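**Student:** Could you work out the structure for the sequence below:
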Amino acid sequence: MTETSNPRTGTDTAVRDYVQALLRQHRSDEDTRQESIHALEAAGRRIIEGGQAGEDSWTITDWRTGVLLASGTGDHRDYDAAAMRLDPDGKWLHIDNVDADPTIVEPVGIPASLADALQDWLGSAGTADEDVAQFVGWRVDEVTRHREEA
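**Tutor:** Prediction:
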């Protein structure tokens, strides 16, 4: 007869603690990112988003308001030329260039491969806040606030 090993006592708690730590760190990282954005805007920078919208088209929008600033056809060179023409003083900054490097949350008491799977689960748009809340024992609005991005 082959003996099967039982999960270590406390593994379920370690998994729950890890997901809670991921949620808290995401909120902290997003708060830091928002502070950076506010500081950039206070210094006169405009945060934009956009780029190639299709094989032969591009857009530039104001990140804060969603207002379309420009659109056109062509490749990245055409996009760059339009951006330079519209922003000759170099005050625009693409949202992708706002420092948003996530802080690594080290798993404690769980295998790294499980931690990776939990990160994927938590980051998936298909994972409902209600599911996360039930799992970690938080209210849904708390989970929503911790997962949201501006």
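**Student:** Could you check how many residues crowd around residue 102?
**Tutor:** 14 (other CB atoms under 10 Å). C-betas here are computed from N, CA, C, even on glycine.
**Student:** Next one: residue 104 relative to residue 23, how far apart?
**Tutor:** Using CB to CB, to the nearest Å, residue 104 is found at 15 Å from residue 23.
**Student:** One more: residue 143?
**Tutor:** In terms of CB to CB, residue 143 sits 7 Å off from residue 23.
**Student:** ok, the two, which is more surrounded?
**Tutor:** Using other CB under 10 Å as the criterion, residue 143 and residue 23 rank with residue 143 on top: 24 against 21.
**Student:** anything in contact with each of residue 143 and residue 23?
**Tutor:** Residues touching both residue 143 and residue 23 (CB atoms under 8 Å, 6 or more residues apart in numbering): 132, 136.
**Student:** for the biggest helix by length in the chain, packing partners?
**Tutor:** Secondary structure assigned by DSSP state H gives helix 11-42 as the longest helix of the chain. Where contact means 3 or more CB pairs under 8 Å, 6 or more residues apart in numbering; DSSP states H and E, helix 11-42 is packed against strand 46-54, helix 112-123, helix 129-136, helix 140-147.
**Student:** List the buried residues in the first one.
**Tutor:** Right, the one you point to is strand 46-54. Under the neighbour-count criterion of 16 or more other CB atoms under 10 Å, strand 46-54 has 47, 48, 50 buried.
**Student:** Need these in TSV (columns: pLDDT and distance to residue 34).
**Tutor:** Shown next, in TSV, are those (pLDDT from 0 to 100; distance: CB to CB, whole Å):
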residue	pLDDT	distance to residue 34
47	96	11
48	95	17
50	90	20
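**Student:** any residues touching the helix or strand that contains residue 70, and which ones?
**Tutor:** Secondary structure from DSSP states H and E places residue 70 in strand 68-73. Applying CB under 8 Å, 6+ apart, the contact partners of strand 68-73 are 48, 50, 53, 56-62, 78-79, 82-83, 86.
**Student:** Can you tell me which of these is closest to residue 93?
**Tutor:** Lowest distance from residue 93 to those (CB to CB) belongs to residue 48, with 7.1 Å.
**Student:** Please report how far the closest one lies from residue 40.
**Tutor:** Using CB to CB, residue 48 is found at 11 Å from residue 40.
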